[in-house]
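Trainee: Compute the structure for the input listed below.
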Amino acid sequence: MKRSLLLLSLFFLSVSISCNVVNDITGGGDNTDEIVNLYPVLIDGDWGYINKKGAIVIEPTLQNAYEFSNGLARVRDSWQWKYMNKNGEFVIEEDFQDIRSFSEGRAAVRLNGRWGYINTKGEFVVNPRFRESNPYSDGRAFVRSIDYSEYLYIDENGREVESVNMPDDLDDIEENEFKDGRALVRDDDLFGYIDRSGSTVVELKYSEALPFSNKLAAVRVSDRWGYIGSNGEVFISPQFISAGKFGNGLAPARKNSNQFGFIDKTGAFIIPEQFDEVRSFNEERAPVFISGKWTFIDTNGNQITSPKFDEVDPFYNGLARVTIYITVEDEIEEQYGYINKSGQYVWFPTN
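Mentor: A predicted model of the protein is given here:
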């Protein structure tokens, strides 16, 4: 569909254009508490933003666009990385080689080959001196030293988090953010957990483990998965062939078959094993894979649409981005759309 026809259709669908912004009264200043209900869309190869009703709020002129966080979105304009506010204004424009989304009022940026952290005003709060960096969570960030020699956690001021009870040599790990006051760590191929002070609170003894979620963490003991509490106490005995992270009080698991269901915090299946593949619940919706396509279920196990998507992202402020593959001249192209929690399109897939 040509852009002109698409924009004309959107005009008749929604005359009013609005942006829903709410503030969490528990948050601090510096825009860290601002939630912006705008969503990136791709139209004829350029990115813009729609609101929750599917109306274009920021015209598609960007090379890349990501979700808003702490009131700002990272975008690429004129082939440069910048941060943009909800009005489409570029509020941080520096000569950064790469940037990450904001988290807890800080964003990792790369300057002259080194990563540091800025605040939402664009000021460096941790000078660029790391080889790799990750988002802040619970006041901590996982980074790699500039000489590649070690991985470590830093605090809000960029100081290394150290403890006499901390593992000697942290290995790289993808899911390194603090959750429920605990971070999953790995050393010599064994997993355990530390607290914010860096102290080991759960011994590094598991061959596989997942981060905490809803106060529980999935760990593998021998050939079965179970769940532990924040200090390592067994909460659900190891009994599952596969297990995932809790969300909305439910976790994906597989016990007696090749298909997945969802358990509650007692280990009982609330949604029976019936899905080929699943992901955790978020905003009371979980992606499930059935007969080669994705859809979402609610916490009662009801599908909100028929399985018809080739890929899905988690729900974010009430909407989920969905992807369909189309064949154009023997090539596969991806088209992106958005559905609401009832499964209705608010933005039909475009590319």
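
Trainee: So what's the residue count around residue 92?
Mentor: 22 (other CB atoms under 10 Å). Backbone N, C-alpha and C define where each C-beta goes, glycine included.

Trainee: can you pull up the bridge partners for it?
Mentor: Note on residue 92: beta-bridge partners by DSSP bridges are residue 83.

Trainee: can you check residue 106 too?
Mentor: According to DSSP bridges, the residues that bridge with residue 106 are residue 103.

Trainee: Where does residue 122 sit: helix, strand or coil?
Mentor: coil (DSSP: H, G, I helix; E, B strand; the rest coil).

Trainee: For residue 160, see how far away the nearest residue to it once chain neighbours are set aside is.
Mentor: Among residues not flanking residue 122 along the chain, residue 92 sits closest, at 4.0 Å (CB to CB, 6 or more residues apart in numbering). Distance of residue 92 to residue 160, computed by CB to CB, to the nearest Å: 27 Å.

Trainee: now do residue 127
Mentor: For residue 127 relative to residue 160 (CB to CB), the value is 14 Å.

Trainee: Kindly report the same for residue 290.
Mentor: From residue 290 across to residue 160, the span is 47 Å (CB to CB).

Trainee: ok, these two, which is more surrounded?
Mentor: Neighbour count, other CB under 10 Å: between residue 290 and residue 160, residue 290 has more, with 18 against 12.

Trainee: Excluding sequence neighbours, find me the nearest residue to the more buried one.
Mentor: residue 307 (4.3 Å).

Trainee: and that neighbour, that one's in a strand?
Mentor: No. Looking at residue 307 with three-state DSSP, it is coil, so not inside a strand.

Trainee: so it sits right up against residue 296, yeah?
Mentor: No. Look at residue 307 against residue 296 with CB atoms under 8 Å: they stay out of range, at 9.7 Å.

Trainee: Spit out the residues that contact these two alike.
Mentor: Listed as contacting both residue 307 and residue 296 by CB atoms under 8 Å, 6 or more residues apart in numbering are residue 288.

Trainee: and these two? which has more neighbours close in?
Mentor: residue 296 (27 against 16).

Trainee: So in this protein, where's the weakest helix or strand by average pLDDT?
Mentor: Ranked by mean pLDDT, DSSP states H and E, the helix or strand of the chain with the weakest confidence is strand 21-23, at a mean of 33.

Trainee: Follow the chain on from that one and name the next helix or strand.
Mentor: Using DSSP states H and E, the helix or strand that follows strand 21-23 in sequence is strand 34-36.

Trainee: for that following strand, packing partners?
Mentor: strand 21-23 (3 or more CB pairs under 8 Å, 6 or more residues apart in numbering; DSSP states H and E).

Trainee: neighbours of residue 106, just the number please.
Mentor: 23.

Trainee: Go ahead and confirm it touches residue 125.
Mentor: Yes. Using CB under 8 Å, residue 106 makes contact with residue 125 at a distance of 6.3 Å.

Trainee: Which neighbours do the two have in common?
Mentor: Joint contacts of residue 106 and residue 125 (CB under 8 Å, 6+ apart) are 117, 118, 119, 156.

Trainee: Dump these to CSV, plus pLDDT.
Mentor: Below are the shared contacts of residue 106 and residue 125 laid out as CSV (pLDDT from 0 to 100):
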residue, pLDDT
117, 98
118, 98
119, 98
156, 96
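
Trainee: Next, give me the two most distant ones among those.
Mentor: Farthest pair in these (CB to CB) is 118 and 156. Separation: 13.1 Å.

Trainee: List the contacts of stretch 99-111.
Mentor: Counting by CB under 8 Å, 6+ apart, 28, 30-32, 66-67, 69-74, 81, 83, 94-98, 115-120, 125-126, 128, 133-137, 139, 141, 156 sit against stretch 99-111.

Trainee: From residue 47, how far out is the residue nearest the centre of the chain?
Mentor: The chain has residue 314 as the residue nearest its centroid, 7.9 Å off, counting by CA atoms, centre = their mean. According to CB to CB, residue 314 and residue 47 sit 20 Å apart.
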